[in-house]
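S.K.: Quick one, structure for this:
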Amino acid sequence: MPHFLLTWLVTAVSLLITANLVNGFIVTNFVAALIAAVVIGLVNAIVRPILIVLTLPLTILTLGLFLFVVNALSIWIAGALTPGFRVMGLIPALFGSIVLTLVAGVINFLVERVRG
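M.R.: Numbering: from 1, shown residues only. Predicted structure coming up:
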């Protein structure tokens, strides 16, 4: 299976798991998770670099910790653009982005171990 399809599926499953762990982070079904994974990828490719450049002084001042907020804003924007995927505020987006990163990392690690 091509690597991008596997990444897409891992991200969708990670979104579903994150929605079960974080209050205010809502994914209605697997199809919505698949669409949200694509939208998150597009937001990360287009909007997130712009946000990083615009907030660079604040990111430097906080020694990089403001990137958590940039990630949360990216998730929040994706939630606003995707039907079936909602994020109910900046705090759930912040916790959701952290949990999503951890869950996706663990699943990616396990998948790579299986693929060998």
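
S.K.: I'd assumed P83 was in a strand, is it?
M.R.: No - per DSSP: H, G, I helix; E, B strand; the rest coil, P83 lies outside any strand segment and is coil.

S.K.: okay, now it: neighbour count?
M.R.: Counted with other Cβ atoms under 10 Å, the neighbours of P83 add up to 11. Bear in mind the C-beta positions are built from the backbone N, C-alpha and C, glycine included.

S.K.: And I60, by the same measure?
M.R.: 10.

S.K.: what bits of this protein have low per-residue confidence?
M.R.: Within the chain, the stretches with pLDDT under 70 are 1, 116.

S.K.: Helices of that one, start to end?
M.R.: 3-21, 30-54, 56-61, 66-81, 90-115 (DSSP state H).

S.K.: Check which helices and strands the last one sits against.
M.R.: It stands for helix 90-115. Helix 90-115 sits against helix 3-21, strand 25-27, helix 66-81, with contacts defined as 3 or more Cβ pairs under 8 Å, 6 or more residues apart in numbering; DSSP states H and E.

S.K.: Could I get these in a markdown table, plus columns for distance to G41 and mean neighbour count?
M.R.: Converted to a markdown table, the helices and strands packed on helix 90-115 look like this (distance: least, Cβ to Cβ, whole Å; neighbours: other Cβ atoms under 10 Å):
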| stretch | distance to G41 | mean neighbour count |
| --- | --- | --- |
| helix 3-21 | 8 | 17 |
| strand 25-27 | 15 | 21 |
| helix 66-81 | 9 | 19 |
